[in-house]
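**Q** The sequence and its predicted three-dimensional model are supplied below.
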Amino acid sequence: MRDRLNKLRNRLSGHHLKDIPERLRAGRLKDIPKRLRAGRLKDIPERLRAGRLKDTLEVLKAGGPKGIPARLKETPSPRLVAIAAALLVAGATAIGVLAGGGGGDGGPVPEAGRQSNEERRASFLARIIPPGEEPADASADARVPRSVSELADRLPADRKVAQLFLVGFRGSDLNAPIYRQLRRLDLGGIVIGAENYTDPQQLAALAGEAGAIARQEKHVPPWVMATQEGGEFSDFPDLPPARAAADLESADQAAEEGREAARALKPLGINGLLGPVVDVGLPQAAIGTRSFSDDPEKVASYATALVETYRDTRVFAAVKHFPGLGSASQSTEAGPANVGLSLDELATRDLVAFRASFRAGAPGVVLSNALYAPDDFVTPGSLSKSIAEDLLRDELKFEGIAITDDLADPSITALGTVPDAAVKAVKAGADMVQITGSAGDQQAAYVAVLRAVRSGEIPRKRLDEAVLRVLNGKRDYGLIR
């Protein structure tokens with residue numbers, strides 16, 4: 001075989017095949033496609049992967065048949081143009097097989113935010129018809145997914161992993177790097193924070209650009225979320241709600257403030273909130289005035305009122321910080337924090353409000369980064385199967401989207417790396433990982449989760465379960481129509 005290849009290389013370099021264009025024009029090689037369709041050359045990929053034709057690449061790199069392009073220019077017939085295009089596609093496919101070791105999910109892990117044109121064409125998202133457009137023909141319509149579950153089934157692994165990421169960013173205008181990343185990667189959502197905000201008009205531009213990019217790229221529309229708890233705990237200080245939770249007099253007043261917030265935020269493009277806080281406070285506790293009350297029943301009424309208000313106004317709300325942060329030793333934004341209560345004690349305090357929130361239809365929950373008794377105070381709740389699966393899903397029967405608190409917080413980074421935390425969170429039962437830290441940490445976390453999926457460390461069933469919850473939430477709140 002190697003001798004034959006050497007002879008072929010010599011013939012190519014000597015231009016002994018210069019009559020190929022004439023033979024092609026004469027149609028003498030026209031039966032090649034039939035042989036390909038018949039599978040007679042189907043063993044070529046295996047031979048390429050085995051490296052038996054690897055020196056063909058060297059011929060191509062060296063510009064072996066360099067006379068052919070000139071001859072094509074001299075005789076630019078439609079048939080030759082088509083043949084040249086077919087040969088280019090075949091060559092690209094062969095090189096891709098040699099470089100990647102095969103197709104499917106077993107190829108090299110892409111850099112976060114990188115997406116090839118071929119991936120875009122293969123993605124189910126490229127076949128989604130945006131609202132208001134009609135399919136060009138019946139066959140195109142047949143390719144459009146009929147349900148959210150079908151959409152989830154069509155997503156390749158790298159797109160599924162991207163849907164699990166809720167990321168913050170640096171910048172306050174449309175030149176921020178996040179927008180280039182949104183074009184390349186089908187991110188589940190972005191978080192617009194205080195550092196990104198200047199005024200309502202600018203907020204509308206930031207949020208609107210994220211949606212516009214999704215439409216242009218035919219991606220799944222992203223969540224555009226914010227933390228807007230009220231008073232000093234709002235990322236947008238000149239927008240409602242005006243007062244912090246502890247300054248409100250009643251659940252009814254909380255509901256009214258929530259309506260004002262929804263009326264202000266939704267037209268500006270904010271479709272989700274990381275809140276309200278439904279932790280039960282304690283005197284001098286780290287949670288401070290972010291908590292409505294130290295009475296579990298009052299907090300439950302407050303939670304119910306706000307969850308129903310945001311649900312009725314079609315703004316996604318993720319109650320936090322599950323399973324309760326009211327008695328934490330310090331803020332998780334300062335470092336590792338212990339919640340020194342047993343599950344039985346939590347059940348009579350913070351879990352009262354979470355149960356009420358779930359009954360009221362809360363679509364999301366934020367998993368706390370604090371340390372809890374079921375894991376001997378060594379594993380953050382957001383990375384704990386005992387919290388995210390056993391307690392949240394099995395005992396409380398919550399079916400919505402579980403989002404981690406920020407994995408860039410010191411409560412996480414003091415114990416390990418952000419990429420490791422992201423993998424642990426998804427394995428434990430989180431549906432979305434929130435990372436508002438550096439773009440480098442976000443990229444590394446994306447690659448780490450994708451590799452964990454491909455290696456089987458994160459089971460495909462777990463990935464599919466998380467993606468389906470994310471897509472169902474987007475459907476329920478009008479992002480997917």
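**A** Right, received. Where do you want to start? Residues are numbered from 1 along each chain as shown.

**Q** tell me the helices in the stretch 251-400 of the chain, going along the chain?
**A** 251-265, 296-312, 343-347, 350-359, 385 (DSSP state H, counting those that start in this stretch).

**Q** could you dump these to CSV with mean pLDDT?
**A** As requested, those are exported to CSV (pLDDT from 0 to 100):
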stretch, mean pLDDT
helix 251-265, 97
helix 296-312, 98
helix 343-347, 95
helix 350-359, 98
helix 385, 98
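
**Q** could I get those as a markdown table with mean neighbour count and distance to V277?
**A** The way it works is simple: take the backbone N, C-alpha and C, and place the C-beta from them, glycine included. Listed next are the helices of the stretch 251-400 of the chain as a markdown table, based on neighbours: other Cβ atoms under 10 Å; distance: least, Cβ to Cβ, whole Å:
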| stretch | mean neighbour count | distance to V277 |
| --- | --- | --- |
| helix 251-265 | 19 | 11 |
| helix 296-312 | 22 | 9 |
| helix 343-347 | 16 | 16 |
| helix 350-359 | 23 | 10 |
| helix 385 | 16 | 24 |
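
**Q** May I see those helices organised as TSV, with distance to Q216 added?
**A** Output for these, formatted as TSV (distance: least, Cβ to Cβ, whole Å):
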stretch	distance to Q216
helix 251-265	24
helix 296-312	29
helix 343-347	46
helix 350-359	36
helix 385	39
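
**Q** so which of those helices gets nearest A162?
**A** In terms of Cβ to Cβ, the element of the helices of the stretch 251-400 of the chain nearest to A162 is helix 385, at 23.5 Å.

**Q** residues in contact with the helix or strand following that closest one?
**A** Sequence-wise, the next helix or strand downstream of helix 385 (DSSP states H and E) is strand 401-404. Outside strand 401-404, the residues that touch it by Cβ atoms under 8 Å, 6 or more residues apart in numbering are 166, 274, 318, 322, 363-367, 369, 382-383, 388, 392, 425, 429-434, 469-470, 473.

**Q** May I have strand 401-404 as PDB, with CA atoms only?
**A** Output in PDB follows, covering the C-alpha atoms of strand 401-404 (Å, rounded to 0.1, in the frame of the first residue of the first chain):
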ATOM      1  CA  ILE A 401     -34.800  24.700  37.800                       C
ATOM      2  CA  ALA A 402     -32.100  24.400  40.500                       C
ATOM      3  CA  ILE A 403     -29.400  27.100  40.000                       C
ATOM      4  CA  THR A 404     -26.300  27.300  42.000                       C
END
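
**Q** I'd like the next helix or strand past it.
**A** Past strand 401-404, the next helix or strand by DSSP H and E is helix 410-413.

**Q** quick one: average confidence on the following helix or strand past that following helix?
**A** Scanning forward in sequence from helix 410-413 by DSSP H and E, the next helix or strand is helix 418-428. The pLDDT scores in helix 418-428 average 98.

**Q** any residues touching the next helix or strand after helix 418-428, and which ones?
**A** Counting by DSSP H and E, the next helix or strand C-terminal to helix 418-428 is strand 433-435. Residues from elsewhere that reach strand 433-435, judged by Cβ under 8 Å, 6+ apart: 164-168, 191, 274, 366, 403-408, 418, 421-422, 425-426, 441-442, 445, 449.
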